[in-house]
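Asker: need coordinates for the below:
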Amino acid sequence: MVVVVDERTVPGEGPEVDVDRWGRLATDVLVSEWLAEPRIELTVHFVDEQAIADLKRDHLDGDGSPTDVLAFPVDDPAEVPDDEPVLLGDVVVCPAVAERQAACMQGELADEMALLLVHGILHLLGHDHGDPDEKAVMQRRESELLDRLHRP
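Answerer: Numbers count the residues shown, from 1 in each chain. Now for the predicted structure:
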């Protein structure tokens, strides 16, 4: 089950969020990664800049500046018995930061939001970009998923 919530409280900060659209993309990514609902539970949170800055500072020893996406894994699907639900974790996206990044790169906001969502889900599934080889694998998978599910 994928739950998408818009938790932003600052009026006018960032673009509107279509929770249904991003819920469909998240579900499609999970299915593409061979993780079927309802066994898998994932929550996607859209938050304000202050909220994501606080999360980054409190959980990742960040500097308190806002970031675009954070992922908080809970269960590793490979370690959960087949008859038990998998609490995959939470992906937290800041639409205001995504909007700025899209403008700086002269890209489309929807493409940036899709990238951030896919990136966060892949982190929950164990992908990382800590070294060049891991980064290449993760970026290749992001591109494959976005090409198939977001830009058909």
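
Asker: could you list the low-pLDDT ranges of this protein?
Answerer: For the chain, applying pLDDT under 70 flags the ranges 36-38, 152.

Asker: where does the residue lying farthest from the centre of it sit: helix, strand or coil?
Answerer: Each residue of the chain has a distance to the centre, and by Cα atoms, centre = their mean the biggest one is for Asp83: 25.9 Å. Recorded secondary structure, Asp83: coil (DSSP: H, G, I helix; E, B strand; the rest coil).

Asker: and the gap between Arg141 and Glu112?
Answerer: Distance from Arg141 to Glu112, counting by Cβ to Cβ, to the nearest Å: 18 Å. The way it works is simple: take the backbone N, C-alpha and C, and place the C-beta from them, glycine included.

Asker: how far does the helix of greatest length in the chain sit from its chain's centre?
Answerer: If you go by DSSP state H, the chain has its longest helix at helix 109-124. Centroid separation between helix 109-124 and its chain, computed with Cα atoms, centre = their mean, to the nearest Å, is 5 Å.

Asker: show me where the protein has helices.
Answerer: 19-32, 49-60, 95-104, 109-124, 132-145.

Asker: in the fourth one, what's buried?
Answerer: So that's helix 109-124. Neighbour counts over helix 109-124 (16 or more other Cβ atoms under 10 Å) mark 109-110, 112-124 as buried.

Asker: now do it: everything it contacts.
Answerer: Contacting residues not belonging to helix 109-124 are listed as 15, 22, 25-26, 29-30, 33, 42, 44, 68-73, 88-89, 91-93, 95, 98-99, 101-102, 105, 138, 141-142, 145-146, 150-151 [Cβ atoms under 8 Å, 6 or more residues apart in numbering].
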